[in-house]
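Student: what's the 3D shape of this:
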Amino acid sequence: MSYPPPGGQPFGSASIPPAPSYPPASGVPMQFAAPAESTGAVASVLGEPTRATIPLSKLAPEAALRRLELTIVRRLEGFLHGDHLGLLPGPGSDMSDARIYVPGEDDVRRIDWAVTARTTVPYVRDTIADRELEVWALLDVTPSMNWGTEGVTNRDLGIAAVATIGFLSQKMGDRFGGFILRPENLHRLPARSGRSALYGLLRKMLSQPFVPDHATGPMTLAASVEKLSRLQRRRGLRVVVSDFLTPGDHELDPNVAPDWERSMRRLGVRNQVLAVEVVDRREIEFPNVGDMLIRDPETDFERYVNTGDPDARARMDAASAAQRERIRISLRRAGVGHIQLRTDRDWVQDIARFVLAYRRVASMLHAPPQGVTK
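Tutor: Numbers count the residues shown, from 1 in each chain. Purely as a prediction, here's the structure:
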């Protein structure tokens, strides 16, 4: 969304029809526009952003994250030695099952003397291999993510979330890769290990061209999540960063699933999934700036609204709250971790608070379906 700044001129031109006092249809990302003197209310006051609103050096303060660690509860299928629990036996620090000692094949140093004493038969104790973690982040940069009223856009706040999670998940051998969702395609950034590789990935995300309003294409959030699930078969951590708004979806009933819910649930069967919802303050708290034209940057929807009417603002705020509640319930049904970041708050503090609370519920949240190994 974008909207006229405080103090902007309200609608008052005789050439503009009077604004009815009712809220816009909900479920779509809105863009507030003020009237141009000669052509009417057709252009956004702020216009499309031309550069990143957060510098690379301030994406994720490492000092604030040094003592935090993102809990990984899924067993991994990596090839390299790392610091996370693997699926198969191998050299590691986590104990597995005991089995009978095979002379000439097993190392006598691995004999489990407690089991051997109880059974009078030599037993060895296998260990579970420690594997590396592979993290893939999906960043939504569709036109609705260009909105921002607090000095930062939703898109750049999403990149800051990717940076923060990247720093939290950096350990020995861990790799971090990314996908960028644009309406025309899904751009892949290869997964690499190391701090410099993560900075390179973030720099590419920040330098991505901005998607203009009303850009069309076949790629949707549901299709991109489905493609991420198919392309990256190794178990790991998957991070989906979006506003989770589907153009043209006016539904507010939480019992009606969005089109991306099934894809998110499928992605979570084999992976640990974290959904980062980015929100601007004025998407859920409409300002009192008089009459304005509200439009959707991804569809042809336009409507005049009198934001000076408290009843109209109350109905718009209620519809936005219902929309966000539906997203929250859908992500919970999909069995993924969910964190909401706002442009008017400190995102590092919000993520740190989430990580500390996430440790208590991660194992229950990511419990696999019945019959599926963890």
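
Student: ok, which stretches of this structure are helices?
Tutor: Under the criterion DSSP state H, the chain contains helices at 62-65, 113-119, 154-168, 195-206, 221-231, 261-270, 281-284, 310-333, 347-365.

Student: In TSV, list those along with distance to Leu189.
Tutor: For every residue, glycine as well, the C-beta is placed using N, CA and C. Listed next are the helices of the chain as TSV, based on distance: least, Cβ to Cβ, whole Å:
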stretch	distance to Leu189
helix 62-65	21
helix 113-119	48
helix 154-168	10
helix 195-206	5
helix 221-231	12
helix 261-270	18
helix 281-284	28
helix 310-333	24
helix 347-365	21
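
Student: so which of these gets nearest Arg303?
Tutor: Nearest to Arg303, of all the helices of the chain, is helix 310-333, at 10.7 Å by Cβ to Cβ.

Student: what ranges of the protein fall below the confidence cut-off?
Tutor: Residue ranges of the chain with pLDDT under 70: 1-48, 60-97, 126-132, 172-173, 362-374.

Student: center of it - which residue?
Tutor: Centroid-nearest residue in the chain, with Cα atoms, centre = their mean: Val241, separated by 2.3 Å.

Student: so who does that residue touch?
Tutor: Going by Cβ atoms under 8 Å, 6 or more residues apart in numbering, Val241 touches Ala137, Leu138, Leu139, Asp140, Gly158, Ile159, Ala161, Val162, Val276, Val278.

Student: do Asp350 as well
Tutor: Contact partners of Asp350, counting by Cβ under 8 Å, 6+ apart, are Ile339, Gln340, Leu341, Arg342.

Student: isn't Asp259 right up against Leu245?
Tutor: No. The criterion here is Cβ atoms under 8 Å, and Asp259 misses it with Leu245 at 11.5 Å.

Student: re the thing from before, chain neighbours aside, what residue packs nearest to the residue nearest to the centre of the chain?
Tutor: Gly158 (4.0 Å; Cβ to Cβ, 6 or more residues apart in numbering).

Student: so what's that neighbour up against?
Tutor: So Gly158 contacts Leu139, Asp140, Val141, Met145, Val241, Ser242, Val276, Val278, Leu341 (Cβ under 8 Å, 6+ apart).

Student: do the same with Arg328
Tutor: Counting by Cβ under 8 Å, 6+ apart, Arg328 makes contact with His338, Gln340.

Student: And Arg265, how far from Ala334?
Tutor: 4 Å (Cβ to Cβ, to the nearest Å).

Student: Of these two, which one has the most company?
Tutor: Taking other Cβ atoms under 10 Å, Arg265 and Ala334 do not tie; Ala334 has more neighbours (22 against 19).

Student: Identify the residues contacting the more buried one.
Tutor: The contact partners of Ala334, taken as Cβ under 8 Å, 6+ apart, are Glu261, Met264, Arg265, Gly268, Val273, Ala275.

Student: make it 6 Å
Tutor: Neighbour list for Ala334: Glu261, Met264, Arg265 [criterion: Cβ atoms under 6 Å, 6 or more residues apart in numbering].

Student: partner residues bridging the nearest residue to Ser193 once chain neighbours are set aside?
Tutor: Nearest residue to Ser193 in three dimensions, chain neighbours excluded: Arg175, at 4.7 Å (Cβ to Cβ, 6+ apart). Arg175 forms beta bridges with Glu134, Ser193, as assigned by DSSP bridges.

Student: re the thing from before, and which of the contacts of Ala334 is nearest Arg326?
Tutor: Distances from Arg326 to the contacts of Ala334, taken by Cβ to Cβ, are shortest for Glu261, at 10.0 Å.

Student: residues contacting the closest residue in space to the closest one that isn't next to it in sequence?
Tutor: The shortest distance from Glu261 to any non-neighbouring residue, by Cβ to Cβ, 6+ apart, is to Ser330 (4.7 Å). Neighbouring residues of Ser330 by Cβ under 6 Å, 6+ apart: Ala257, Pro258, Glu261.

Student: Would you quantify the distance from Ser330 to Ser196?
Tutor: According to Cβ to Cβ, Ser330 stands 37 Å off from Ser196.

Student: Also Arg109?
Tutor: Between Arg109 and Ser196 the computed distance is 39 Å (Cβ to Cβ).

Student: With neighbour numbers in mind, choose between these two.
Tutor: More crowded of Arg109 and Ser196, by other Cβ under 10 Å: Ser196, with 9 against 6.

Student: Quick one: residues contacting Ile54.
Tutor: So Ile54 contacts Val152, Asp156, Ala160 (Cβ under 6 Å, 6+ apart).

Student: again but with Asp112, I slipped
Tutor: Applying Cβ under 6 Å, 6+ apart, the residues contacting Asp112 are Ala98, Tyr123, Arg125.

Student: Now with 10 Å, please.
Tutor: Taking Cβ atoms under 10 Å, 6 or more residues apart in numbering, we find Asp112 in contact with Met95, Ala98, Arg99, Tyr101, Arg118, Thr119, Pro122, Tyr123, Val124, Arg125, Asp126.

Student: The nearest residue to the fourth one once chain neighbours are set aside and Glu105, how far apart?
Tutor: Spatially, and ignoring its direct neighbours in sequence, Tyr101 is nearest to Pro122 (3.7 Å; Cβ to Cβ, 6+ apart). The spacing between Pro122 and Glu105, counted by Cβ to Cβ, is 12 Å.
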